[in-house]
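Trainee: any chance you could fold what I've pasted below:
(chains A, B, C and D)
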Amino acid sequence: MQNPVAESTQPVPRPDKTVTMRDAIAAFVADGSTVALEGFTHLIPTAAGHEIIRQGRKDLTIARLTADIVTDQLIAGGCVRKLVSSFVGNSTAGSLGELRRRIETGQPKPLEFEEYSHYGMICRYLAGAQRLPFYPLRSYGGSDVPSVNPGIRKVTSPYPGPDGETEQIYVVPPLSPDVTIVHAQRADRAGNTQIWGLTGIQAEAVYAAKRAIIVVEEVVADEVIRSDPNRTVIPAHAVDAVVKCPRGAHPAFAQGYYDRDGDFYRGWSQISKDPERLRDWLDEWIRGTRDHAEYVAKLGDEHWAGLAVGEAWSEPVNYGRRL
Amino acid sequence: MQNPVAESTQPVPRPDKTVTMRDAIAAFVADGSTVALEGFTHLIPTAAGHEIIRQGRKDLTIARLTADIVTDQLIAGGCVRKLVSSFVGNSTAGSLGELRRRIETGQPKPLEFEEYSHYGMICRYLAGAQRLPFYPLRSYGGSDVPSVNPGIRKVTSPYPGPDGETEQIYVVPPLSPDVTIVHAQRADRAGNTQIWGLTGIQAEAVYAAKRAIIVVEEVVADEVIRSDPNRTVIPAHAVDAVVKCPRGAHPAFAQGYYDRDGDFYRGWSQISKDPERLRDWLDEWIRGTRDHAEYVAKLGDEHWAGLAVGEAWSEPVNYGRRL
Amino acid sequence: MNAGSTGSRESTVDVTSSELLAVVASRELVGKNTVFAGIGLPTLAVSLAQQTVAPGIEIVYESGVCGAHPSHLPETIADAVLITDSEAVLPMTALFGYVLQGGRIDVGFLGAAQIDKWGNLNSSVIGDWHAPKVRLPGAGGAVEVMANAREVFVVMRRHDRRSFTSELDFCTSPGPDRALRDGIRPLGSGVTRVITDLGILAREGVGEELRLLATHPGVTVDQVRAATGWDLQIADDLATIEPPTEAELRLLREDVDPDRVYLRRSDPGPRPGRC
Amino acid sequence: MNAGSTGSRESTVDVTSSELLAVVASRELVGKNTVFAGIGLPTLAVSLAQQTVAPGIEIVYESGVCGAHPSHLPETIADAVLITDSEAVLPMTALFGYVLQGGRIDVGFLGAAQIDKWGNLNSSVIGDWHAPKVRLPGAGGAVEVMANAREVFVVMRRHDRRSFTSELDFCTSPGPDRALRDGIRPLGSGVTRVITDLGILAREGVGEELRLLATHPGVTVDQVRAATGWDLQIADDLATIEPPTEAELRLLREDVDPDRVYLRRSDPGPRPGRC
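Mentor: Numbers count the residues shown, from 1 in each chain, chains lettered A, B, ... in the order given. Okay, the predicted model is just below:
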C-alpha cells in the first residue's frame, strides 16, 4: 500500500557458515566436551558421530535421548567417558552390544551413565534453552530413577494444590552442551534450518548449547528458506556451522530423502554382540573411510536404491504480498 | 517395501465438529466463564468477540496478552468482569478508550485487572498446557508488578546458583481457561488446525483450556491438511468446535488472506474516547448486524479491496512415500 | 470389564497367542478416545478396536504423530509411513508436555520386564542398577505414560514368575500408590489391565492390587497362581474370556496385519490346552 | 562510547530530531549481533547500522520474526510484510523462552514514560497503580527485555523532568540493581545508553548511575541538568556528539525511510540552538 523500500538498499551481507564435516568437528568438538546428538529416530547425526571417531576424540560426555547405534559406535570407538540418556536400546531391533558390555561388565572400562526418562531429558533441554535453574515435571513420583540420579530433585510449589495442601513436584537441572549436533533436511548458508516430519527435540537441544553444528542433506538458496519461514525450526542466530553431508543420517531416515535401513538396525545387534567383529566393522566402515561420501559409496548404489522413497509433496500456502 | 495395508480397511470415521459461530458461543461460553482470546496482532478472534457481545454474555474473565480493540469492545459491551493481560494498548495506534475509563475512573463500574508481562502470560499458558503447578521465569526481579499481583511468587532452586549460593526465581501459576478461542487460516472438519505467519501462543492457550473453539477462514478437505502435517499447530484431539468465519479477524490480518486495517486501528482511538460514540458504534456494527457475514458486507467490497493481498507461495516439500 | 466379544460365532481353532492378545486388548478399548501406544500388539489392538468397539479412537505416538494414515504397516513409532498423510506431527515438547502430561491420554500401553501386584513396572535392569545382570533399554517415556495417562494397559506375551514378581529389581515406572507415598499426586489410576496369555488381571485404582478378572478358556486359577510371583487375588465373579470371533480374526488377519508382521508367522501359538 | 561518526563532511543544517536520534543510536550498535527492537526509531537506527557500522546485525522482533526482508516499511512489529520473505518465524514460547530469556540478545531497545537514574523504567501508570491518573499500556515484553538482554538502549524523543524523574510512579522494568536487592540475579547490565534530544546518558552496569556522556552541539550541561529530575552526574571526558554526516543522512532519507514514515514529515526538529 505504501513505502516500498527503495531498490537502492544494499543487501545486508549474510555470514556463510558452510564448512566441511572435518573442519566442523575439529573446530567445535574438543576432548572432554559435552556433546548432544539429537534426532528422535529420524535425522540422527550419524555421519557426525563417525567423524568424531575418525578424529579420535576422547572423554566426551554424550547426551542423547535414545542412545542407539551411533552411541554404541562412539562408545566402541573409545570416545565416550559418560552417557546422559533416557533409552539405551537399538530401537526395536535388539541390543547395543558395546553399551551393554560396558554397563554390565565394566569391561574394558566402566561407562558413567546418568539416566533419565524421555521427558526428563526434554525438560533438561528446555531448562538449558530457557536458561532456567530447573524445570518441573510430573514424572518420577515413587520411581527408583531419582535414587540412582541425584540430579533429579524436588521443589515445593508456592501455590496450594487442588486439595488446598502444599504440593511437591520433581525437577531436573538444565543441560547446556558445549556443542549440539543435529541433522536436517536443508539449511541456507547462514544456518536457517528447515526440518519436516519428526522435529523431535532438535530446536531445544540447539538453543540449550553454547555451539551448534547443523548437518544437512542440502544447502539451499536463501529464497527457498524464505518462501516458508514457518518451516525454519532453527534460525541462523543459533547456528555456528552448516555441513553439507547427504545421507548423513544413515541408518536412520530423512523424511522425503531416504528411508530407514531396517536391515542395518537388525544387523547391528549381531555386529555389536561380538567385540572383535565390532572392532573390525569400525576399522572397515569408519576408520577405513576418509569421509561420509566414501562410506556412502562403499554401501553402493544398489543399497541406496533399496532405501529410495517416492513423492508426496505438501500443498503450498500463500504468505501474501502487500499490493 | 512391504506390508501395504489392505485396501479393504474401512476408513475410520472422523467426527465433524463444524458449527455456526452462534452455536459455538452459545454452547461453550457461559456467563462467568474464563475465556482466553489469543492471537498476537495476527489472527485475532474478533468475530467471536462480537458474537459474545451479541449474545449478551456477562461477568466474563478475559485472558489475552495484548488487550486490544476486541477487548475494549467486550468491556464496552458489558461482558467483562475481569481482565488478565500484559499489554492494554491499541497496538501502536493509540488508546483503548473504554478500558482506560474503567481503570482510571472506575466508571461506570470498576474493572478487575490482573497484570502480567508478556512472558508471564506465556508461562501461565505453558503451565496450564503442561498441567504444572507453576512455571519459573527470569522476569520480575525488582519489579513493582508482583507488588500489585500476588499471583506472582518465588521459588528457591534446589540446585546451587553459578556462584554456589542458593538461587531464587519468580514463578507464575497455571492459566486454565474454561474455553480458548483462536482464529486460524484453515482447519479440517475434525479440527486439525493449520496456521502460518505468526503462530503466537495459540497452541499453548488451546492446550491449557478445558474447551477450544477454532474460528477459520476456510474449512478444507482432509487431504489438504494431511499433505503437510507439520503445518498443523493444533491437532483435532484438542478442539471442540470448528467455526467457518471468513474475515473474522478484522481489523487484524490473516497472513495470505487479507491485510491489517490500519485505518480502523487509528480510528478506534477516536471512537472509543467518546462513550456515546462508542455505544453507537457497538449498536450499529455489532448489535445491529446479525452475524459476521453481515458485518463483512456492511464494510463493503471497496473496503475489502483495500485490504487485499497478492501472492507469495511457499515452496512445497516432499514428505516421501514408501515405494 | 469388557471381556465380551462383539462378533457372532466363536472360533476355537488355529488362534495364535498374538491374535488372542490383540483381540482381547481391543475389546478393553470401548469408550476410549486417545491411546498412547507403541508398535506391535498395542497398535494391532487399537487398529482392531477402530473397526469394532471404538471407531473414533485415535493413536498418539511417542514420536509426535497424531492421526496417522499409514500406507504400510509401520515398523517403529517413528516410521516414515506414519508421518506422510498424518494429521499432525508435534514437536516432542508438545507431545510430552501438552498431550501426555497435559492429561489428554485416556489409555497408555506399556510393556515391562517385571510387574508387581500394584502395577509398578521395571524396564531398566535385571539385578542391581549399579552392576546389572542385564541392562534393559530403560524408561523411555514409560515413566511419563504411567504418571499422566488416565489408565495404563500392559500386554505380556508370557505370564510367568520371572515377570510377575513379588519384588521388582528396580521400579522404573511407579503406579499411583508408590507415587503417593513419595508425596506426589499422580493424574491417573496406573495399570488397570494386564492382558496375558493366561487371562486378564485388573485393578481399579489407588490402594488396589491386581486381581485375576478372567481367564482364557481352559486356563485354571491354579495355573495362573503358579505363574504369578505373589499371592494373587481372584475376582469374586471370575469370568472366562470369550475366544476371538471369526469377525475379529478376519479383520485382524485380512485388514490390520495381512502380512503377519506383528501377528508373527512363527508364533508358537497359545499354550496347550487353551483355545 | 561510539559517539563518533563514520562519514566524511558534517551536515549542520536541516536535521530533524528523529534523524538525529536515529543516527546517534545507529552509531552505538558497533559490534552488536542481535537486537530486539520495536518499530520506529529503533528499527531506523538498526537499518542504518546495517549499512554503516554493523553490517551483519540482525533484528529480532517480539512477534517472533527473525531475519526479516520486508518489501515495505513495516507499521508494527507484527506487520505481514515482516513475515513474507523472512528467514524464520518463531512461536512466542521460543522467542521469549529460547531467544530472549536464553540470553541471545545483545541489545534491547525500550521506551518508557519515566526513567530514573539507575535506568529503571515505568511503562505502566502515571499515579497510583490502583487508581491511576493515566493508565499506560503496561509491560508487554519490556520486563523480559530488561532482565535478559545483555544491555538496553532507551531512545527518548524529549528529555524533560517529567520523564527523567527522581522517583518512578511504578517500576515496570527494573534494572539489575533493583533485581539484586530482590534476590534475583539478572543476566545483563540493564540500561547502558539513553539517547535523547539533548545528548547521551550512559552507565556501564551494576552499581552505576546514568552519567551524561555527550551532548549535541550547542547543548549545555546546565540545560541537560535542568531537564533531568535528579542530580545528574557528568562524565569527566564529556564529549560533543558529531552531527549526522551527509552519508548517514542520505542513507536514512533515501534508503531506510524514504517516505518519512518514522522520520516524520511534521517533525518539529531539534531544539533551537542545536545542530
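
Trainee: what strand or helix carries the residue in the stretch 51-200 of chain C positioned nearest to chain D?
Mentor: Going by C-beta to the nearest C-beta, chain D is nearest to residue C:93 of the stretch 51-200 of chain C, at 8.3 Å. (Each C-beta comes from the backbone N, C-alpha and C, glycine too.) Counting by DSSP states H and E, the element that carries residue C:93 is helix C:92-94.

Trainee: re earlier: my read is that the residue of the stretch 51-200 of chain C closest to chain D contacts residue A:202, right?
Mentor: No - using C-beta atoms under 8 Å, residue C:93 is not in contact with residue A:202, being 10.8 Å away.

Trainee: between these two, which has more neighbouring residues?
Mentor: Counted by other C-beta atoms under 10 Å in any protein chain shown, residue C:93 and residue A:202 do not tie: residue A:202 has more neighbours, with 30 against 24.

Trainee: what residues are up against the more buried one?
Mentor: Residues in contact with residue A:202 (C-beta atoms under 8 Å, 6 or more residues apart in numbering or on different chains) are A:38-39, A:43, A:182, A:184, A:195, A:233-234.

Trainee: state the pLDDT value of it.
Mentor: What the model reports for residue A:202 is a pLDDT of 98.

Trainee: next one: phi and psi at it?
Mentor: Geometry field for residue A:202 lists phi and psi as phi -60, psi -50, criterion degrees, to the nearest 10.

Trainee: one more: the one 3 residues further on?
Mentor: Note on residue A:205: its backbone torsions stand at phi -60, psi -40 [degrees, to the nearest 10].

Trainee: hang on, isn't it packed against residue A:36?
Mentor: Yes - using C-beta under 8 Å, residue A:205 is in contact with residue A:36, at 4.9 Å.

Trainee: next SSE downstream of the one helix or strand residue A:243 maps to?
Mentor: Per DSSP H and E: residue A:243 is located in strand A:241-244. The first helix or strand that comes after strand A:241-244 along the chain, using DSSP H and E, is helix A:262-273.

Trainee: neighbouring contacts of the helix or strand following that following helix?
Mentor: As assigned by DSSP H and E, the chain's next helix or strand after helix A:262-273 is helix A:275-281. Helix A:275-281 is contacted from outside by A:76, A:97-98, A:101, A:270-272, using C-beta under 8 Å, 6+ apart.

Trainee: if we go to 7 Å?
Mentor: Contacts to helix A:275-281, defined as C-beta atoms under 7 Å, 6 or more residues apart in numbering or on different chains, come from residues A:76, A:97-98, A:271-272.

Trainee: is chain B contacted by stretch A:311-323?
Mentor: Yes - judged by C-beta under 7 Å from any C-beta of the partner chain, stretch A:311-323 comes into contact with chain B through A:311-323.

Trainee: let's see that stretch as PDB, backbone CA atoms only.
Mentor: Output of stretch A:311-323 as PDB, limited to C-alpha atoms (Å, rounded to 0.1, in the frame of the first residue of the first chain):
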ATOM      1  CA  GLU A 311       7.000 -38.300  -3.800                       C
ATOM      2  CA  ALA A 312       4.300 -36.800  -1.500                       C
ATOM      3  CA  TRP A 313       4.500 -33.100  -1.900                       C
ATOM      4  CA  SER A 314       3.000 -30.600   0.600                       C
ATOM      5  CA  GLU A 315       0.400 -28.200  -0.700                       C
ATOM      6  CA  PRO A 316       1.900 -24.700  -0.800                       C
ATOM      7  CA  VAL A 317       0.400 -21.900   1.300                       C
ATOM      8  CA  ASN A 318       0.200 -18.300   0.400                       C
ATOM      9  CA  TYR A 319       2.200 -15.900   2.700                       C
ATOM     10  CA  GLY A 320       0.700 -12.900   0.800                       C
ATOM     11  CA  ARG A 321       2.400  -9.800  -0.600                       C
ATOM     12  CA  ARG A 322       1.400  -6.200   0.000                       C
ATOM     13  CA  LEU A 323       0.000  -4.800  -3.200                       C
END
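
Trainee: average pLDDT across that stretch?
Mentor: Stretch A:311-323 shows an average pLDDT of 97 in the prediction.

Trainee: that stretch and chain D, are they touching?
Mentor: Yes - using C-beta under 7 Å from any C-beta, stretch A:311-323 comes into contact with chain D via A:319-322.

Trainee: could you pull out the strands for the stretch 151-275 of chain C?
Mentor: C:151-156, C:191-196, C:199-202, C:211-215, C:233-240 (DSSP state E, counting those that start in this stretch).

Trainee: so who does the residue sitting nearest the centre point of chain A touch?
Mentor: Geometric centre of chain A, nearest residue: residue A:38, 1.8 Å, by C-alpha atoms, centre = their mean. With contact taken as C-beta under 7 Å, 6+ apart, residue A:38 is in contact with A:64-65, A:180, A:182, A:200-202, A:205.

Trainee: switch the cut-off to 6 Å
Mentor: Residues near residue A:38 by C-beta atoms under 6 Å, 6 or more residues apart in numbering or on different chains: A:182, A:201-202, A:205.

Trainee: need the residues of chain A near chain C, please.
Mentor: Residues of chain A lying close to chain C (C-beta under 6 Å from any C-beta of the partner chain) are A:41-42, A:86-89, A:91-92, A:100, A:103-104, A:117-119, A:122, A:138-139, A:141-144, A:148, A:168, A:197-201, A:253, A:255, A:259, A:262, A:312.

Trainee: distance check, the residue nearest to residue A:318 when sequence neighbours are not counted against residue A:316.
Mentor: What sits nearest to residue A:318 in space, not counting adjacent residues and going by C-beta to C-beta, 6 or more residues apart in numbering or on different chains, is residue B:256, at 3.8 Å. Going from residue B:256 to residue A:316 by C-beta to C-beta, to the nearest Å gives 10 Å.

Trainee: of the two, which one has the most company?
Mentor: Taking other C-beta under 10 Å, residue B:256 and residue A:316 do not tie; residue B:256 has more neighbours (23 against 17).

Trainee: so that one sits against residue A:319, correct?
Mentor: Yes - here residue B:256 reaches residue A:319: they are 5.4 Å apart, a contact under C-beta atoms under 6 Å.

Trainee: where does pLDDT dip in the chain?
Mentor: No chain was given, so I picked chain A. Counting by pLDDT under 70, chain A shows low-confidence ranges at A:1-13.

Trainee: that was the other one, I meant chain C.
Mentor: Confidence mapping of chain C against pLDDT under 70 gives the ranges C:1-13, C:265-275.

Trainee: now do the SS call for the residue of the stretch 1-150 of chain A found nearest chain B.
Mentor: Per C-beta to the nearest C-beta, residue A:133 is where the stretch 1-150 of chain A lies closest to chain B, at 3.9 Å. Assigned by DSSP: H, G, I helix; E, B strand; the rest coil, the conformation of residue A:133 is coil.

Trainee: number of residues surrounding it?
Mentor: Count around residue A:133 with other C-beta under 10 Å applied: 23.

Trainee: how about it, what does it touch?
Mentor: B:157, B:159, B:167, B:169.

Trainee: from residue D:263, how far out is the nearest residue to it once chain neighbours are set aside?
Mentor: Nearest residue to residue A:133, sequence neighbours excluded (C-beta to C-beta, 6+ apart): residue B:157, at 3.9 Å. Residue B:157 is 47 Å from residue D:263, where distance means C-beta to C-beta.

Trainee: can you map out the strands along the stretch 101-250 of chain A?
Mentor: For the stretch 101-250 of chain A, the strands defined by DSSP E, counting those that start in this stretch cover A:112-115, A:135-137, A:153-156, A:168-172, A:179-187, A:193-194, A:211-219, A:232-234, A:241-244.

Trainee: between helix A:262-273 and the helix or strand hosting residue A:74, find me the angle.
Mentor: Following DSSP H and E, one finds residue A:74 within helix A:69-76. Counting by axes from the mean of the first three to the mean of the last three C-alpha atoms, to 10 degrees, helix A:69-76 lies at 20 degrees to helix A:262-273.
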